[in-house]
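In: Sequence below, structure please.
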Amino acid sequence: MKEFEAASYDVIVVGAGHAGCEAALSCARLGQKTLVVTLNMNNIALMPCNPSIGGPAKGHLVREIDALGGEMGCNIDKTAIQVRMLNTAKGPAVHSLRAQADKYAYQNEMTKTLQNQENLTVKQLLVERLVIENHKVLGVVSHTGAIYRAKAVILTTGTYLRGRIIIGEYTEECGPNGQLSAKNLSVDLQKHGLKVVRFKTGTPARVDRRSIDFDRMSRQDGDKENLFFSFLTTEKNGLSEEPCYLTYTNEQTHQIIRDNLHRSPMYSGVIEGTGPRYCPSIEDKIVRFSDKAKHQLFIEPEGLDTNEMYVQGLSSSLPEEIQEQLIHTIAGLEKVDVMRPAYAIEYDCLDPLQLKVSLETKQIDGLFCAGQINGTSGYEEAAAQGLIAGINAARKLSQQEPLILKRYEGYIGVLIDDLVTKGTNEPYRMLTSRAEYRLLLRQDNADLRLTEKGYQIGLISEDRYQQFITKKTAIAREMERLQTTTASSKDETLQNLLTKRSSSPLKQGIPLAELLKRPQITYNDLLSLGLGDNTLPTAVAEQVEIQIKYDGYIQKQLEQVARMAKIENRLLPDEIDYQAVHGLRNEAKQKLNAVKPNSVGQASRISGVSPADISVLLVYLEQKRRQKENIHG
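Out: Numbering: from 1, shown residues only. Here you go, the predicted structure:
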C-alpha cells in the first residue's frame, strides 16, 4: 500500500474513549492543534460496560478532573438519570457520588463537545503504526496509508489492542460490542522496544426491561437533593429519574455455574489475560467465595430510550446457553429475555513501569499513554489519566514543566504514582484505601485542592476562577467568625437543644467553632439557633462544618504531609546510574534503574527499595550537592 502525507498537527490522540476525550480536549483548550482519531465515530465516549460514572474513589477522581478543568463531571451532570451519594453512614473522606447515565445521551453530549471544540479535529481511522525516528515520535500511519505528522502522540487505545471477545467456546478478534480490533499497533509498539502485557475484563448480559418482574426485587431510587459532579453545575438536567433494582443469586444459580466450570474459558485455559481482582466474573466469585449463599445483583437502566437493562454483578464468559439457564434462576429474572450475552474481552496493554510520572514513555520521546493501555480499569481512571497526559503533552510542546500531582494532592496523584512506581499485574482499580491522606483528599474539597492548579495551567476560565476565590474567601471568613463568636451559656434554646441531643450543657460561653466540633451539633443547628449565616451557599457551609469538626485529624495528616514533602521534593536526576551508587543493594540498583524515579519519595515506594537504600540515596545527593558547590565556589 502506498503511503502519503495527509496532514500535520501539534498533538494526535489515538482513541476517543474516556481517556482520549479528556486528552484531546485539554490539548486543544491549551492552544495545541489537535487531532483525535477513533475506529468508529459512533463510539466516542462509549460506555461498553456499566452505564454509570463515579462510586467509591472513582467519584473522587471525577471531581478532581472537574476541578482541574476536565469534561467528565460536566458531561455526566448533563446526562444523569439517577444520582446517589454513597457511604453517607461513614465519614466525609469516603463519601462518594455515583450517577446512572443515559449512556447514549452521554456519548452524544461528549461527541458534540469534541466536534465543536476549537483547535480540535475528529477523524475516523485505524492507526496501524507510529512514525518514530531516533527514539522520537513524529506521527502515525493509518490503515489507508495516510501519514499524519505530530510533535506528540497520546495513545488511549482502551481494550482495542488485539482485542478478543470470548463467550464460552466462541472467540472473535474484535473490540467491545463487536467493534473493530486494532491488530497491528501492538506489534509496532513491541518493535520499538515497549513491553506489552495481556489483560482481561468482561461485561454482564443486558436484559429486556419488559420481561423483568420488578415486584420480586428491591427498588432503589436516587437521592432527592441536588447532587452534581461538576462544581459548575447549579441545576438538574431535566431528564426523568430512573430507579435501579436489587436482587440476588442463589444456590441454584451457583450449582449451574459449578456444574459448568469446565466450559468457562477462565478455567479451561482459553483466556490468557489477567482479570480484575475487584470486579470478578460470577464464576470467579462462586469459586473464590464458595461459602457465600448469595451475591448482590443490581438491575440498572442503560438509558431513557432503550429497554436494555444492565445486570451489575453478573459478568461472565460462560457459554450463552449456560448464561440463559443461570439468569433464569434469579428472582425477578425467571422469564427475562436476554438482549446481549455477557462476554469476556482480552486485550494488550503496556507495562506502566515504562512511563514517566508525566505519562510520557521513557523509551520514546513525545509518546504519551493514558487509560486502559496503562493497565487500569474503569472510565474514571481512564479520564483522569487522559486529562494529565493531555496537559503534559501540551506543556511539553510549550516547553513547560509537566503537571505532576503528589499523592497528598489528589487521588489522581495516587493513581499515577501507583502505576509508574509499582506497576500492576492485573487491571488496576482506584480504591479509597490506596490513598494515605484520604481525609485531606475528600470529594467535597477537590476544587479547594486543585482549581488553583487548573487556573495556572490554563484550563480554568477567569470567571470560574473568580467564583472559586469568592467561595474560598467565604469559607475563611465564616470559619474566623465561628472561632471568634461566643455561644452563651445563658441561651436557653441552645441549652435545651444540647440536652435533647444528649450533649453536655454549657457551663460557660465557648466559641461557636468549639460548639460545632461536638458530634451531636451540625451547622444546620447553628442556623436554627440564629447563630449561623443563612446567606452562605450550601457548599460553603458544608466545607466550614467539615473543616471544623475534623480539624484535629486534618492537622495530623497535614503534619504527615509536611514530613513526606521533604523527601518528595528531593529530586533525582534522570541521568543517575544507580549501578554506580556505592552502598545500594543489588536489588535496589536494578529496581531504581528500571523505574528511574523522579524523587526520593517515589524511590521509597518502589518494591525492593529499603529504608537503608533511601538513606544511601540521600547521602549520595548531599555529596553531589557539595561537589557542585565546590566546583562553582
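
In: Let me know the helix or strand that the residue nearest to residue 603 when sequence neighbours are not counted is in.
Out: With CB to CB, 6 or more residues apart in numbering as the criterion, residue 603 has its nearest non-adjacent residue at 4.2 Å, and that residue is residue 597. From N, CA and C alone the C-beta is placed, and that goes for glycine too. Assigned by DSSP states H and E, residue 597 belongs to no helix or strand.

In: Counting neighbours, what do you get for residue 597?
Out: 26 (other CB atoms under 10 Å).

In: Does it touch residue 613 like I think?
Out: No. The pair residue 597 and residue 613 fails to qualify as a contact (CB atoms under 8 Å) at a distance of 11.5 Å.

In: joint contacts of the two?
Out: Shared contacts of residue 597 and residue 613 (CB atoms under 8 Å, 6 or more residues apart in numbering): residue 603.

In: So which residues of the stretch 351-500 of the chain form strands?
Out: Taking DSSP state E, counting those that start in this stretch to define them, one finds strands in the stretch 351-500 of the chain at 367-369, 486-487.

In: Out of those strands, which one sits most buried?
Out: Highest mean neighbour count among these (mean count of other CB atoms under 10 Å): strand 367-369, with a mean of 28.

In: now for that one, which elements pack on it?
Out: strand 152-155, helix 379-397 (3 or more CB pairs under 8 Å, 6 or more residues apart in numbering; DSSP states H and E).

In: how about CSV for the ones you listed, with mean neighbour count and mean pLDDT added?
Out: Shown next, in CSV, are these (neighbours: other CB atoms under 10 Å; pLDDT from 0 to 100):
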stretch, mean neighbour count, mean pLDDT
strand 152-155, 30, 98
helix 379-397, 29, 98
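
In: Ok, which of these comes nearest residue 488?
Out: Nearest of the helices and strands packed on strand 367-369 to residue 488, taken as CB to CB: helix 379-397 at 47.7 Å.

In: So which elements touch the closest one?
Out: Short answer (3+ CB pairs under 8 Å, 6+ apart): helix 379-397 packs on strand 11-14, helix 18-29, strand 52-54, helix 58-68, helix 72-79, strand 152-155, strand 367-369, helix 411-422.

In: These into a markdown table, with extra columns for distance to residue 260?
Out: Conversion of the helices and strands packed on helix 379-397 to a markdown table gives the following (distance: least, CB to CB, whole Å):
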| stretch | distance to residue 260 |
| --- | --- |
| strand 11-14 | 39 |
| helix 18-29 | 34 |
| strand 52-54 | 29 |
| helix 58-68 | 32 |
| helix 72-79 | 37 |
| strand 152-155 | 38 |
| strand 367-369 | 38 |
| helix 411-422 | 36 |
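
In: Convert the strand or helix carrying residue 245 to PDB, retaining C-alpha atoms only.
Out: For residue 245, the host element (DSSP H and E) is strand 244-248. Extracted C-alpha coordinates of strand 244-248, given in PDB (Å, rounded to 0.1, in the frame of the first residue of the first chain):
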ATOM      1  CA  CYS A 244     -32.400   0.700  39.900                       C
ATOM      2  CA  TYR A 245     -33.400  -2.700  41.400                       C
ATOM      3  CA  LEU A 246     -31.600  -5.100  43.700                       C
ATOM      4  CA  THR A 247     -31.800  -8.900  43.500                       C
ATOM      5  CA  TYR A 248     -29.600 -11.900  44.400                       C
END
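
In: Only the buried residues of that strand, if you could.
Out: 244-245, 247-248 (16 or more other CB atoms under 10 Å).

In: gap between residue 220 and residue 99?
Out: 13 Å (CB to CB, to the nearest Å).

In: which of these two has more neighbours?
Out: residue 99 (25 against 14).

In: that's a strand at the more buried one, yeah?
Out: Yes. Applying DSSP: H, G, I helix; E, B strand; the rest coil, one finds residue 99 inside a strand.
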